[in-house]
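Undergrad: Sequence first, then the predicted structure, then my questions.
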Amino acid sequence: MKSMDFKPGQNGLNKMLGSLESEIMDIIWRKGCEVCVRDVFEDLSARREIAYTTVMTIMARLSDKKILRKRKEGNVSFYEPALSRDEFTVNVVGNVVDSLLEDFAEATVSHFLSRVGRHDRETIAKLEKLLAEYKEGGTDEGK
């Protein structure tokens, strides 16, 4: 999957994708099967005014970004997600955190721990357990 801009001021998938890209991916993930542009266009056009060619262009761009896989059959292109919604989210979060750690490791870890610590003692306990396992060489996390 190609890198993408992270937009912290947005909500949900819009943090990682454009609003129309997010809407299209929501439709495709919800359908849970291979789709063609017409399938997505019909779903979108029932809710908003949009051109077929706009949907076609956005889906081609999502394929170029390796977010969708494209298969051509005659004149029709079929698309399916390259990753599930959860896999996509984990991948993007990992890329963002890795990027922050690369340039701002101490500040990133400190902020993360202070945010988690204020809200969730159970998560802090899990993190302590993971850290202990890591120190003992019992996990591949973080290597």
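TA: Arrived safely. Numbers count the residues shown, from 1 in each chain.

Undergrad: Summarise which helices and strands the helix ranked longest in the chain is packed against.
TA: The residue-count maximum for a helix in the chain (DSSP state H) belongs to helix 85-119. Here helix 85-119 touches helix 19-31, helix 121-135, going by 3 or more Cβ pairs under 8 Å, 6 or more residues apart in numbering; DSSP states H and E. From N, CA and C alone the C-beta is placed, and that goes for glycine too.

Undergrad: Give me the next element, helix or strand, following the first one.
TA: So the one you mean is helix 19-31. Using DSSP states H and E, the next helix or strand after helix 19-31 towards the C-terminus is strand 35-36.

Undergrad: what comes up buried for the longest helix of the chain?
TA: Residues of helix 85-119 classed as buried by neighbour count (16 or more other Cβ atoms under 10 Å): 88, 92, 96, 100, 108.

Undergrad: any idea how the protein splits into domains?
TA: By the assignment in automatic domain parsing, the chain contains the domains 12-82, 86-135.

Undergrad: Dump those domains to TSV, plus distance to residue 6 and mean pLDDT.
TA: Output for those, formatted as TSV (distance: least, Cβ to Cβ, whole Å; pLDDT from 0 to 100):
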stretch	distance to residue 6	mean pLDDT
domain 12-82	6	94
domain 86-135	5	87
